[in-house]
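[1] Predicted model and sequence below, questions to follow.
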Amino acid sequence: MGVPKLTVLASRALAQATVSSPVHRDDVWHPPPPSFRTSKLEVDGVVIHSVELGEPTERVKERPPLVLLHGLGDSHRTWRHVAPLLAFDRHVLMPDLAGHGFSARPRASYTLDWHARVMSRWATARGFDEIDVIGHSFGGGVAQMMLLERKPRVRRMILAAAGGFGREVRWLLRLASLPGVVELIGQPFMELGTKLILGGERNAYTEQDIVDACNINRKKGTARAFARTVRGVIGLRGQYRSFYQRGHEIPTLPPIRVLWGTDDDVIPITHAHRFAKAVDGVAVNPLDGCGHYLHRDAPERFAHEVRSFLDAPRQPSVRFVRA
């Protein structure tokens, strides 16, 4: 691997930029608030875009960086309500997974293992020896596989409506796994697919949020990345890649907390309880009235659960017990 190229964009310039009315363009860009900083880092030939906040004060340095991993077809923007609630005493980083958001869309396998390797090397290239991780949906699956990479060390992990605990998953994602369909002819329909997936999420996404997501997912190469990512974990019969298949390979598991919306109709909450039975010491915290995007449905409650887990002096150790 060559020397990573880190390009930091000036946040003042972003803060002063004028955002026009939403238009359908591949390069549409909505600047983050002034306190947010953006960067691009090339890892193994893949340019990963990320947004971060939290000043390097002594209080922040006492805690490991917190990395937030989004789900399928999403981006760093999914965390915009939660991140400020976590960052006043912590360095918070929100990368766009490869093939998502403003990260590159290379011709790659996009398997779960590949995503985990890219994100682990991205975190290592940032100079992090230890991190805390929150993974939502597919990002939760990536977080689990990052444990196999072992660098950087994961101190504590929160899995929010994470994939990898059972077969059941929304039928639209099963259809997207059909070989060649989305990858070959799906790009013109990425906007419609984004509307179908996000439009049904009650109050989690505003109309403007959906417009922004559609604009991002119109970017060339998104359909290929999405299709290959889906096929790497989901088939017509549901999810076929799971933590249970490789959990025994991880010598030491970090403390893990599972958060799930009680009204999740994308991945049912029964997956959370199944995981807790397979991994001794894991606590499940249901968020009443929340759907799949629980961090958007109830950002204050979500942040409170996160902080209580990450900031506790001690957390029980966990152990994989399923053979």
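    It's in.

[2] Might you list the low-confidence residue ranges for the protein?
    1-34, 55-61, 164-193, 195-196, 199-203, 232-247, 322-323 (pLDDT under 70).

[3] What's the local residue count around the closest residue to residue 64 other than its chain neighbours?
    Among residues not flanking residue 64 along the chain, residue 130 sits closest, at 4.6 Å (CB to CB, 6 or more residues apart in numbering). The way it works is simple: take the backbone N, C-alpha and C, and place the C-beta from them, glycine included. Residues near residue 130, counting by other CB atoms under 10 Å, number 15.

[4] what are the phi and psi values for residue 130?
    Dihedral angles of residue 130 (phi, psi; degrees, to the nearest 10) stand at phi -150, psi 140.

[5] Pretty sure residue 204 sits against residue 298.
    No. Assessed by CB atoms under 8 Å, residue 204 is found out of contact with residue 298, at 9.6 Å.

[6] Please enumerate the helices of the stretch 1-150 of the chain.
    For the stretch 1-150 of the chain, the helices defined by DSSP state H, counting those that start in this stretch occupy 11-16, 58-61, 83-86, 112-125, 138-149.

[7] show me where the stretch 201-323 of the chain has helices.
    Along the stretch 201-323 of the chain, counting by DSSP H, counting those that start in this stretch, helices occupy 207-217, 222-231, 270-278, 294-297, 299-310.

[8] ranking those by burial, who's on top?
    helix 294-297 (a mean of 24; mean count of other CB atoms under 10 Å).

[9] Can you list the helices and strands that it packs against?
    strand 256-261 (3 or more CB pairs under 8 Å, 6 or more residues apart in numbering; DSSP states H and E).

[10] partner strands of the strand it packs on, parallel or antiparallel?
    strand 153-160 (parallel), strand 283-287 (parallel) (DSSP bridges).

[11] Flag every buried residue along the last one.
    In terms of neighbour count (16 or more other CB atoms under 10 Å), strand 283-287 has its buried residues at 284, 285, 286, 287.

[12] cool, and the first one?
    For strand 153-160, burial by neighbour count (16+ other CB under 10 Å) applies to 154, 155, 156, 157, 158, 159, 160.

[13] Now find how far off-centre that strand is within its chain.
    12 Å (CA atoms, centre = their mean, to the nearest Å).

[14] what do you get for stretch 253-264?
    Remark: stretch 253-264 is offset 14 Å from the chain centroid, using CA atoms, centre = their mean.

[15] what residues are up against residue 283?
    Counting by CB atoms under 8 Å, 6 or more residues apart in numbering, residue 283 touches 257, 258, 276.

[16] can you tell me which residues contact the first one?
    With contact taken as CB under 8 Å, 6+ apart, residue 257 is in contact with 156, 157, 158, 159, 282, 283, 285, 305, 309, 315.

[17] ok, so of the residues you listed, who is nearest residue 72?
    Of all these, residue 159 has the smallest distance to residue 72: 15.1 Å, by CB to CB.

[18] For the spatially closest residue to the closest one that is not a sequence neighbour, give me its contacts.
    The spatially closest residue to residue 159, leaving aside those adjacent along the chain, is residue 140, at 4.4 Å (CB to CB, 6+ apart). By CB under 8 Å, 6+ apart, the contact set of residue 140 is 69, 71, 159, 160, 161, 162, 163, 164.

[19] ok, now with 7 Å
    Listed by CB atoms under 7 Å, 6 or more residues apart in numbering, the contact partners of residue 140 are 159, 160, 162, 163, 164.

[20] Fine, thanks again, bye for now.
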